[in-house]
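In: Need a 3D model of the following:
(one chain, ligands or ions: 1)
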Amino acid sequence: MNQSNIRNFSIIAHIDHGKSTLADRIMEMTNTITERESKAQLLDDMQVEQNHGVTVKSRTVRNRYRDDNGQDYEFNFIDTPGHVDFNYEVAKSLAASDGVILLVDATQGIQAQTVANYRLAVEAGLKIMPVINKVDSPNAQIEMTTQQLLELDASFDAESILQISAKTGQGVHAVLEAIVNSLPAPNGDINKPLKALVFDSEYDSFKGVIASVRIIDGQVKADQELLLMANSAAFTNKEVGIFTPAKAATKQLAAGDVGYIVTGIKDPHLVRIGDTITNQNTPTDEPLPGYEPAQPMVYAGIYPQGDYNEMKDALNKLALNDSSLQLVPEVSDALGPGFRGGFLGIFHLQIIRERLKDEFGIEVLTTAPNVTYRVHLKNQPNVLTVDNPIQFPDFEQIEMVEEPMVKAIITTNDAELSAVMKLADQHKGIFVDMGNQGSLVELTYQMPLSEIAYDFFNKLKSVSHGYASLSTTLDGYKLADVVRVDVQINYARVDALTFVTHRTDAPEQTKQLVHKLKYTIPRRLYPMPAQAVVEGRVIARVDIPPLRKNAAVNGNQYSVSKKQALLRRQSINKRQAVKSDVELPQSVFNSILDLN
Ligand code: GTP
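Out: Numbers count the residues shown, from 1 in each chain. Next comes the predicted model:
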């Protein structure tokens, strides 16, 4: 199709503002899918997405639309995730788009992710079309939302802000017309050498890596000699095609198109998101700028509950589809061989656990998550980067430690302001700025990532009765007074339970932890002390009671010889406990996470 009749766009919004619902409605009104199919929320088709009702992975769909003047158009839209953990997916989608629909829920108005995604779109130089959703709801505040949008961007014009209900379809026809009339067409040069942006990829065991691409210049057919520029990887592509949303092979893709290229490459590491595909013989002179690889925010050990090899296979397959998941093999004394996973956030970690279960039937243990520390050692010039608490050096060797910080922007309303500020304060937030975003207050804090990475978001939702929202960006490293906490059960260190925390929080956290261990560690025939050790000192201790009665205490009921036999058995058990062999159910690790 002629480029002037193509529109490539993304829908961006705060979580739950209705992106997937609007996407379904558009597919339905362009006859891409039937109403029955859309009932099954075609785009959110991963099991985890249906469980949580959120989009995790971006998806691309081509729609055909005949406008009111009888002209045919091709719409490629990319549905993007809204959860703060998945911002990376949003940036990838925007790089392949020429314009965005900025969708705002009229019952909530502008929220933190609305602003964060709006800024990403401005940075990407995209045309932005504001749309107000959920106008059918009795709680819709259309006036207020319009006002907020005008304050967000002075170039918006109140008259042209569309008001729709993605649910009922009201006003969605006007959105389709506005896509034609106000979003720009691509303007690549079809006669130049091929220049295609890889904005996503997936792995197929038969076809190898399938790259989602936006063709910037030139054209591509099947069986051509192509080149991935970042790794200078040459390949002959097997197929090209479009997303309908299922993959459908086509003869060619040309400048302006969005679709896929079957690379046939079996090593997924060769196909980097953000890379440029070009012709081997007539390469483009300049690759596209690409974008920064995803940066993990939190790390956690992943260990099998069953077979290690099965877990490894499943994890590797998941990583092929989720370029932001990082995996490095590691071995724990307590849990055996496993992996250190790097995640975009706790929600991402939870999603990975659930996908392993839903898609592969595999249950895993995940250790308490942690952030990366930069440890400066005494009399040594180089700095250690520690993303596993077990590798955190002994305190005698440490000169100083730096921890990662984030800039956190919290949007809330006046009524919840003091509760939100109190929470930020409890989490070591350093107040930076306060401003207004329409009727909402926008607070800026600098906070340790470790304070925000675990369940700050849930607490924020709870103290603000669901009103406050959060957006974060990494903000360098800062000096921190943190200590390594070792956990011993029956006098043996359990390496998988080691964690790093702020010194001031250690006494209270370890007190709670040992108390929880008392109820989560499976009991033995003999009592076992559980203790937390910081810098060589035990700072918290509790005894895990025995499964049966203790002979030394309760032996009076037994004959002398029976009592002696019991005592003998208990002391043998004690002597054996040099290396810990306690069972560690997931609840034990959860009890560390709960502390933060
Ligand atoms: P994420 O994918 O998690 O970012 O969410 P989303 O933005 O895709 O939201 P989704 O489309 O899943 O909609 C969230 C909720 O809002 C669902 O319960 C929808 O049924 C509801 N919803 C969406 N659009 C409308 C609307 O126009 N009116 C009303 N009343 N509810 C809507």
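In: I believe Pro546 is in a strand; please confirm or correct that.
Out: No. Counting by DSSP: H, G, I helix; E, B strand; the rest coil, one finds Pro546 to be coil, located in no strand.
In: what's the neighbour count on it?
Out: Neighbour count for Pro546, taken as other CB atoms under 10 Å: 18. Where C-beta positions appear, they are placed from N, C-alpha and C, glycine not excepted.
In: who touches it in this structure?
Out: Neighbouring residues of Pro546 by CB atoms under 8 Å, 6 or more residues apart in numbering: Arg523, Arg524, Leu525, Tyr526, Pro527.
In: where in the chain is pLDDT low?
Out: Residue ranges of the chain with pLDDT under 70: 33-59, 79-90, 290-294, 321, 438-439, 548-558, 566-567, 569-581, 591-596.
In: mind checking the longest strand of it?
Out: strand 398-412 (DSSP state E).
In: Which secondary structure elements does it sit against?
Out: Secondary-structure packing of strand 398-412 (3 or more CB pairs under 8 Å, 6 or more residues apart in numbering; DSSP states H and E): helix 112-123, strand 373-377, helix 417-426, strand 440-448, helix 449-452, strand 469-480.
In: how about a cut-off of 6 Å?
Out: Counting contacts by 3 or more CB pairs under 6 Å, 6 or more residues apart in numbering; DSSP states H and E, strand 398-412 packs against strand 373-377, strand 440-448, helix 449-452, strand 469-480.
In: What lies in contact with the third one?
Out: Residues lying outside helix 449-452 but in contact with it, judged by CB atoms under 6 Å, 6 or more residues apart in numbering, are Val371, Pro404, Val406, His427, Lys428.
In: all helices for the stretch 51-200 of the chain, in order.
Out: 87-95, 112-123, 142-152, 172-182 (DSSP state H, counting those that start in this stretch).
In: how about the strands in the stretch 101-250 of the chain?
Out: Listed in chain order, the strands of the stretch 101-250 of the chain (DSSP state E, counting those that start in this stretch) span 127-133, 162-163, 195-204, 208-217, 219-221, 225-228, 233-236, 239-243, 247-250.
In: contacts for the shortest one?
Out: When contacts are taken as CB under 6 Å, 6+ apart, the neighbours of strand 162-163 outside the stretch itself are Val131, Ile132, Val135, Gly171, Ala174, Val175.
In: returning to that earlier point: save the contacts of helix 449-452 as TSV, and put in neighbour count and distance to the ligand too.
Out: As requested, these are exported to TSV (neighbours: other CB atoms under 10 Å; distance: CB to the nearest ligand atom, whole Å):
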residue	neighbour count	distance to the ligand
Val371	22	25
Pro404	20	26
Val406	24	21
His427	19	25
Lys428	18	29
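In: Just put those in TSV and tack on distance to Leu227.
Out: Formatted as TSV, the contacts of helix 449-452 follow (distance: CB to CB, whole Å):
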residue	distance to Leu227
Val371	38
Pro404	37
Val406	38
His427	48
Lys428	49
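In: now, among these, which is nearest to Asp414?
Out: When the contacts of helix 449-452 are compared for distance to Asp414 (CB to CB), His427 wins out at 21.2 Å.
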